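Asker: Sequence and predicted model, in that order:
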Amino acid sequence: MVNAVMPDRAVADEVGLLELLNSAPIVDGVPTDELRGAGATGWLREHGIPGTPGAARDVRDAISGVVRGQQSEAGLQGFLADVRQVPVVGESGVEWKLEGARFAARMVLAWAQVQGRLRPCENDAECTLFLIDRSKANARRWCSMSTCGNRLKARRHQVRVRST
Ligand SMILES: [Zn+2]
């Protein structure tokens, strides 16, 4: 299979990466995992992810570990083993095409594209989600202002009120 390196594809992969990383949310205080249990195969199909839940978990957990600073980047190398860039001559000259980039490899390549903008939500006691900050300031701290952002602000306010 030959995959052209197209911006649309790259953006789609960044969105897919975030969905994959956010597939183990805490719901009502309980850690959940879309990639475990009876619904896992359906979840993969819904998100257009090929392969098994176990394979998806492997790459998700490896990238999550790196983004959280718990694992070294070197652990991602294995997912890129089959990826090559191949020159293809066409009407407009030579184009470089990516070959062998299966799902896990595409997720690692997407991670590389959003390094420095992909980070865990700062509400890390209650939230396992990640965010990709595309703003110019790159100062976003919460997966969502309406949930984690407000919750943390409210709690800090309470702490401040209590301590005065
Ligand atoms: Zn959050």
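Answerer: Structure's in. What do you need?

Asker: how about the residues of this protein that lie near the ion?
Answerer: 121, 123, 127, 129, 143, 148 (C-beta under 5 Å from the ion). Using the backbone N, CA and C atoms, a C-beta is placed for each residue, glycine as well.

Asker: Among those, name the ones in strands.
Answerer: Within the residues of the chain next to the ion, no residue falls in strands by DSSP state E.

Asker: Partner strands of the helix or strand containing Arg119, with direction?
Answerer: In this assignment (DSSP states H and E), Arg119 forms part of strand 118-120. Strand 118-120 sits in its sheet next to strand 130-132 (antiparallel), going by DSSP bridges.

Asker: Can you pull out the residues in contact with the strand it pairs with?
Answerer: For strand 130-132, contacts defined as C-beta atoms under 8 Å, 6 or more residues apart in numbering pick out 14, 18, 21-22, 64, 67, 114, 117-121, 140, 142-143.

Asker: of the residues you listed, buried ones?
Answerer: When the contacts of strand 130-132 are checked for burial by 16 or more other C-beta atoms under 10 Å, the buried set is 14, 18, 21-22, 64, 67, 114, 118-121, 140, 142-143.

Asker: Adding pLDDT and distance to Gly51 as columns, could you present those in a markdown table?
Answerer: Converted to a markdown table, these look like this (pLDDT from 0 to 100; distance: C-beta to C-beta, whole Å):
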| residue | pLDDT | distance to Gly51 |
| --- | --- | --- |
| Glu14 | 93 | 19 |
| Leu18 | 97 | 18 |
| Leu21 | 98 | 16 |
| Asn22 | 97 | 18 |
| Ser64 | 98 | 17 |
| Val67 | 97 | 21 |
| Val114 | 96 | 22 |
| Leu118 | 97 | 22 |
| Arg119 | 97 | 26 |
| Pro120 | 97 | 25 |
| Cys121 | 96 | 27 |
| Arg140 | 94 | 31 |
| Trp142 | 94 | 31 |
| Cys143 | 95 | 26 |
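
Asker: and Leu76, how many neighbours does it have?
Answerer: Residues near Leu76, counting by other C-beta atoms under 10 Å, number 21.

Asker: count of neighbours near the closest residue to it other than its chain neighbours?
Answerer: Nearest non-adjacent residue to Leu76, counting by C-beta to C-beta, 6 or more residues apart in numbering: Val108, 4.9 Å away. For Val108, the count of nearby residues is 22 (other C-beta under 10 Å).

Asker: thought Val108 was touching Leu80?
Answerer: Yes. Shown here, Val108 and Leu80 form a contact pair, counting by C-beta atoms under 8 Å, at 5.8 Å.
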